[in-house]
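Peer 1: Give me the fold of what follows.
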Amino acid sequence: MEMRDPADLRPAPRPDLEMTFSRARVPSPDVSRALYAAVGARVCWTDRFGWSHADWDAWVARPELGTWLVMAEGTLAGYFELEAQPGGDTEIHLVGLTPAFVGQGCGGYLVEQCVRRAWARGDLWAPGTGPTGRVWLRTSTLDHPNALANYERRGFRVASETVKAKSVPDPRLAPWPLPHDPRPAVAAARPGRGADPMSELDPVSEAIR
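Peer 2: Below you'll find the predicted structure:
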């Protein structure tokens, strides 16, 4: 999905609770890894589960990457991750809420504030990389059911779409147990599979936009 003009961004209703957004000026692989699991495990963010501490450190320490922490009611409510790319592209790698704030009317405002900061590249963050000419992101059918509609309401358009199979490790391999397996039931409950979540690696069909 993409947005090619900051004027295309449509504001979201403000949530009933106050949300604040702070850029992480000291890159922390430990904080980023914890947030990746806390925010993403329930929507099948598993691609980075195999990263080492050195991998995380190399990722977050890059000057072209910006990470913002989201607070609400004195609690970490989510985060987002932006990357300044060549040619004026800014990618939203990750954006999401911690479980306590999902369904509280915060998602639209979170995406709006994320996109505003993506368009502020070169001034607010990633100095020397030039202005943003396009903001883009990837989403899929593994994401939250409301994610696509949220992005479209903020002004994003589908730039391309493909369907492919993706092996999704059991998201319960996150650093702490999840209450249930968030993968689609057709993938998570295949007959004949072992009960040990450490052994599960299921292919699921994922539509990527």
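Peer 1: The closest residue in space to residue 4 that isn't next to it in sequence: how many residues sit nearby?
Peer 2: The shortest distance from residue 4 to any non-neighbouring residue, by Cβ to Cβ, 6 or more residues apart in numbering, is to residue 134 (5.2 Å). All C-beta spots, glycine's among them, are computed from the backbone N, C-alpha and C. Residue 134 has 17 neighbours, counted by other Cβ atoms under 10 Å.
Peer 1: OK, contacts around residue 134?
Peer 2: The neighbourhood of residue 134, defined by Cβ atoms under 8 Å, 6 or more residues apart in numbering, consists of 2-4, 88-90.
Peer 1: Quick one: buried ones out of those residues?
Peer 2: Neighbour-count burial within the contacts of residue 134 applies to 2-3, 89-90; the criterion is 16 or more other Cβ atoms under 10 Å.
Peer 1: so which of the contacts of residue 134 comes closest to residue 154?
Peer 2: Taking Cβ to Cβ as the measure, residue 3 is the one of the contacts of residue 134 closest to residue 154, at 7.9 Å.
Peer 1: If I look at that closest one, what pLDDT would I see?
Peer 2: On the pLDDT scale, residue 3 is placed at 98.
Peer 1: low-confidence ranges in the chain?
Peer 2: The chain contains residues with pLDDT under 70 at 173-179, 186-209.
Peer 1: Can you show me the strands along it?
Peer 2: Ranges of strands within the chain are 2-3, 19-23, 65-72, 75-84, 89-97, 134-137, 162-169, 201-208, based on DSSP state E.
Peer 1: Those into a markdown table, with extra columns for distance to residue 156?
Peer 2: Putting the strands of the chain into a markdown table (distance: least, Cβ to Cβ, whole Å) gives the following:
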| stretch | distance to residue 156 |
| --- | --- |
| strand 2-3 | 5 |
| strand 19-23 | 19 |
| strand 65-72 | 18 |
| strand 75-84 | 14 |
| strand 89-97 | 10 |
| strand 134-137 | 7 |
| strand 162-169 | 17 |
| strand 201-208 | 14 |
